[in-house]
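Asks: A structural model of the following input is requested.
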Amino acid sequence: MSLLGGAALAMWWDVAGDVRAEFEHWHSHEHFAERMAIPGFRRASRWRSASDGSGVFVMYELENHDVLSSPAYLARLNAPTPWSTKMMPHHRGMVRTQCRVLETRGGDARSSR
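Replies: Numbers count the residues shown, from 1 in each chain. Sure thing, here's the model as predicted:
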């Protein structure tokens with residue numbers, strides 16, 4: 001599957017098992033929806049470590065790199081919800097990187113319609 005857009009936000013971290021269920025509920029039902037409502041966010045995916053289950057990888061595909069400095073995105077970063085504030089300390093060892101997509105390969109979901 002090819003990436004959508006010209007940029008991506010990729011993150012890795014661990015989540016302790018005792019908060020895993022709440023984390024997944026928050027991330028699926030509040031955080032993803034909140035991020036996808038920001039103009040320029042095209043697609044989101046979350047992956048879990050197959051080895052021990054505590055590792056998380058998240059990628060947001062973005063229309064372009066400017067989305068990460070847009071007023072809408074910065075507003076969400078600077079005013080997290082109460083549930084986000086509660087969950088953020090459980091993101092252990094977080095690595096966050098902004099990427100420009102120079103090339104992508106794979107089937108295009110739009111062409112299969």
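Asks: Count the residues that sit near Ala10.
Replies: Neighbours of Ala10 under the rule other C-beta atoms under 10 Å: 14. Backbone N, C-alpha and C define where each C-beta goes, glycine included.
Asks: any idea how far it lies from Thr81?
Replies: According to C-beta to C-beta, to the nearest Å, Ala10 and Thr81 sit 22 Å apart.
Asks: ditto for Gly40
Replies: Gly40 sits 20 Å away from Thr81, going by C-beta to C-beta.
Asks: Who has more neighbours out of those two?
Replies: Gly40 (18 against 13).
Asks: Quick check: closest non-adjacent residue to that one.
Replies: Counting by C-beta to C-beta, 6 or more residues apart in numbering, the nearest residue to Gly40 once its immediate chain neighbours are dropped is Val67, at 3.4 Å.
Asks: Could you do Ala72 as well?
Replies: Leaving aside its sequence neighbours, Ala72 is closest to Ile38 (4.8 Å, by C-beta to C-beta, 6+ apart).
Asks: I'd guessed His65 sits against Ala7; true?
Replies: Yes. Using C-beta atoms under 8 Å, His65 makes contact with Ala7 at a distance of 4.1 Å.
Asks: anything in contact with each of those two?
Replies: Among the neighbours of His65, those also in contact with Ala7 (C-beta atoms under 8 Å, 6 or more residues apart in numbering) are Gln98, Arg100.
Asks: between those two, who's got more neighbours?
Replies: Regarding His65 and Ala7, a neighbour count based on other C-beta under 10 Å identifies Ala7 as having more, with 20 against 17.
Asks: State the distance from the more buried one to Glu30.
Replies: Taking C-beta to C-beta, one finds Ala7 at 23 Å from Glu30.
Asks: Flag the shaky bits of the protein, pLDDT-wise.
Replies: Within the chain, the ranges that satisfy pLDDT under 70 run 108-113.
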